[in-house]
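Visitor: Mind folding the following:
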Amino acid sequence: MLSSPQINIKVRPMLMNDLEQVKAIDQLSFSLPWSDNAYRYEILENPASFLWVAEAETGGQDLIVCGMVVVWLILDETHIATLGVHPDYRGLGIGKRLLTVALEETARQGANLATLEVRESNTVAQYIYRKFGFENVGRRRRYYQDNREDAVLMTLNSLKEFEGRERFSIES
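Guide: Presented below is the predicted three-dimensional model:
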């Protein structure tokens, strides 16, 4: 984790130029990272997909993508497809900011609830999701192909609190 208190984070929509840095975060964060084609499809072709990145600016250095989230808006439901933060930037609240933006923006688009799957062993992520109001509602047995680990299915039953909120420091 970075120790510099002089870090500024902004959240903005994901662009094709972000793909290399997003893929690096994905590979460092997950044992089953998405392919380039999957991200290209989400950015360019999937009308139900909403993608954001967190960008870090530290004292005069170039901006770097340090986190990402992909969500799908299906009818009135937000589905968190993936959310990851670069290991060097974890513990700074970046994942919470990305999740907040995703929930705010999709609530504004008409989403009433949110769902996600998370590895049974990923207790840190489960804890964060519970802080947002997500509840464990089920299990998908042997969901993850790499080790057949179960996924915990979590749902946030109401996005009402996110619907009318002011934008959470999102750049357009």
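
Visitor: Any idea how many residues pack against residue 159?
Guide: 21 (other Cβ atoms under 10 Å). (Glycine included, C-beta is placed from N, CA and C.)

Visitor: give the contact list for the nearest residue to residue 46 once chain neighbours are set aside.
Guide: Once flanking residues are discounted, residue 46 sits nearest to residue 72: 7.5 Å by Cβ to Cβ, 6 or more residues apart in numbering. Residue 72 is in contact with 46, 48-50, 78-79, 81, counting by Cβ atoms under 8 Å, 6 or more residues apart in numbering.

Visitor: so who does residue 29 touch?
Guide: 84-87.

Visitor: who touches the lowest-mean-pLDDT helix or strand in the chain?
Guide: For the chain, using mean pLDDT, DSSP states H and E, the weakest element among its helices and strands is helix 160-163, scoring a mean of 77. Contacts of helix 160-163 with the rest of the structure, by Cβ under 8 Å, 6+ apart, involve 100, 103-104, 107-108.

Visitor: What subset of those residues is buried?
Guide: 100, 103-104, 107 (16 or more other Cβ atoms under 10 Å).

Visitor: Redo those as CSV? Include pLDDT and distance to residue 154.
Guide: As requested, those are exported to CSV (pLDDT from 0 to 100; distance: Cβ to Cβ, whole Å):
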residue, pLDDT, distance to residue 154
100, 94, 16
103, 95, 13
104, 93, 18
107, 94, 17
